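K.L.:
sequence first, then the predicted structure, then my questions.
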Amino acid sequence: MEIIVFAKQVPDTTEIKVDPVKGTLIRDGVPSIMNPEDKNALELALTLKDNFGAKVKVVTMGPPPAEEILREAYAMGADECYLVTDPLFAGADTWVTSLILSRVAKTIGFDVILCGRQAIDGDTAQVGMEIAEHLGIPVVAYAVEVSYNGEYFKVKRELDDVYEVILVKPPCLITCTRDLNAPRYMNLYGIFEAFKKEIKVINNDILKFEKTEVGLIGSPTKVRRTFTKGPKGEGRVFQGNLDEAVDEFLRIVEKVRA
């Protein structure tokens, strides 16, 4: 079984800076880490490797410094790591990002794709589902428990107020939550070996997108402006009995509507 884990390098801070013109994150000078729930996805992949002999391929899309999290993935036990990078890809929204990553998946091959539920720098939870849509494969999102019997995955996923259990056969995509597992630590030998291993670079010479398909130009999502949300207005408590409170509430509503 060949498993792709899509991981993202994200800022390790709450002090996010945003380009006021482009509406994109400014990452220069900000410490970065592997997105936490992507690490849960990697742990699931490594567990499948331990139990079933799977091959684990970790892919990240970003500028060259993003290879730092690929070295971490190697130190944890990944078999192959790929850096998807090209100036044409800069500023891609979730749709374009998923389009690029789906073509990467087709290029390097897979049986199963695993990724985090969402990235902490965007919180959209869209990319995983969009990758599956581009590839035409089933997706199970928000996994909190996953088991595999050699034929199909049994996934317990979290919904708003219930849990749902789904059986799915490869090829498929599963998005993972922080409740799924506890990611393993890098081992000392793995850390030393990680710097000797090859990180394969995939750029647009390989993927062959048109310039108008990717990056800011190809992204249908446009950030018009960013701002800090202001405080909510002060609440009001209606005094008196129920009938009096309802009458007062209706008077205020009518006044606002007028």
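P.N.:
Arrived safely.

K.L.:
residues contacting residue 45?
P.N.:
For residue 45, the contacting residues are 3, 5, 54, 56, 78, 114, by C-beta atoms under 8 Å, 6 or more residues apart in numbering. All C-beta spots, glycine's among them, are computed from the backbone N, C-alpha and C.

K.L.:
let's see 7 Å
P.N.:
Residues in contact with residue 45 (C-beta atoms under 7 Å, 6 or more residues apart in numbering) are 3, 5, 54, 56, 114.

K.L.:
for the helix or strand containing it, output the C-alpha coordinates as CSV.
P.N.:
Following DSSP states H and E, one finds residue 45 within helix 36-52. C-alpha atoms of helix 36-52 as CSV (Å, rounded to 0.1, in the frame of the first residue of the first chain):
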residue,chain,number,x,y,z
PRO,A,36,-0.4,19.8,14.0
GLU,A,37,-3.2,17.8,12.5
ASP,A,38,-1.0,16.9,9.5
LYS,A,39,1.3,15.3,12.0
ASN,A,40,-1.7,13.2,13.2
ALA,A,41,-2.2,12.1,9.6
LEU,A,42,1.5,11.2,9.4
GLU,A,43,1.3,9.2,12.6
LEU,A,44,-1.6,7.2,11.1
ALA,A,45,0.4,6.5,8.0
LEU,A,46,3.4,5.4,10.0
THR,A,47,1.2,3.1,12.1
LEU,A,48,-0.1,1.5,8.9
LYS,A,49,3.5,1.1,7.8
ASP,A,50,4.4,-0.6,11.0
ASN,A,51,1.4,-3.0,10.8
PHE,A,52,1.1,-3.6,7.1
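
K.L.:
just how off-centre is the following helix or strand past that helix within its chain?
P.N.:
Per DSSP H and E, the first helix or strand lying C-terminal to helix 36-52 is strand 55-61. Distance of strand 55-61 from the chain centroid (C-alpha atoms, centre = their mean, to the nearest Å) equals 13 Å.

K.L.:
so what secondary structure elements neighbour strand 55-61?
P.N.:
strand 2-7, helix 36-52, helix 67-76, strand 80-84, helix 94-108 (3 or more C-beta pairs under 7 Å, 6 or more residues apart in numbering; DSSP states H and E).

K.L.:
try 6 Å this time
P.N.:
strand 2-7, helix 67-76, strand 80-84 (3 or more C-beta pairs under 6 Å, 6 or more residues apart in numbering; DSSP states H and E).

K.L.:
what's the most buried one of those?
P.N.:
Per-stretch averages of neighbours, counted by mean count of other C-beta atoms under 10 Å, single out strand 2-7 among the helices and strands packed on strand 55-61, with a mean of 25.

K.L.:
strand partners (parallel or antiparallel) of it?
P.N.:
If you go by DSSP bridges, strand 2-7 pairs up with strand 55-61 (parallel), strand 112-116 (parallel).

K.L.:
so which of those strands is nearest residue 246?
P.N.:
Taking C-beta to C-beta, strand 112-116 is the member of those nearest to residue 246, at 46.7 Å.

K.L.:
give me the lowest-pLDDT entry from the contacts of residue 45.
P.N.:
Among those, residue 54 carries the lowest pLDDT, at 92.

K.L.:
residue 86 versus that one, what's the distance?
P.N.:
Separation of residue 54 from residue 86 (C-beta to C-beta, to the nearest Å) stands at 29 Å.

K.L.:
for stretch 171-181, buried residues please.
P.N.:
171, 172, 173, 174, 175, 176, 177, 180, 181 (16 or more other C-beta atoms under 10 Å).

K.L.:
any weak-confidence spans in the chain?
P.N.:
13-29, 226-228, 258 (pLDDT under 70).

K.L.:
repeat that for 90
P.N.:
Of all residues in the chain, those with pLDDT under 90 make up the ranges 10-32, 91-93, 118-126, 160-161, 186-190, 192, 215-258.
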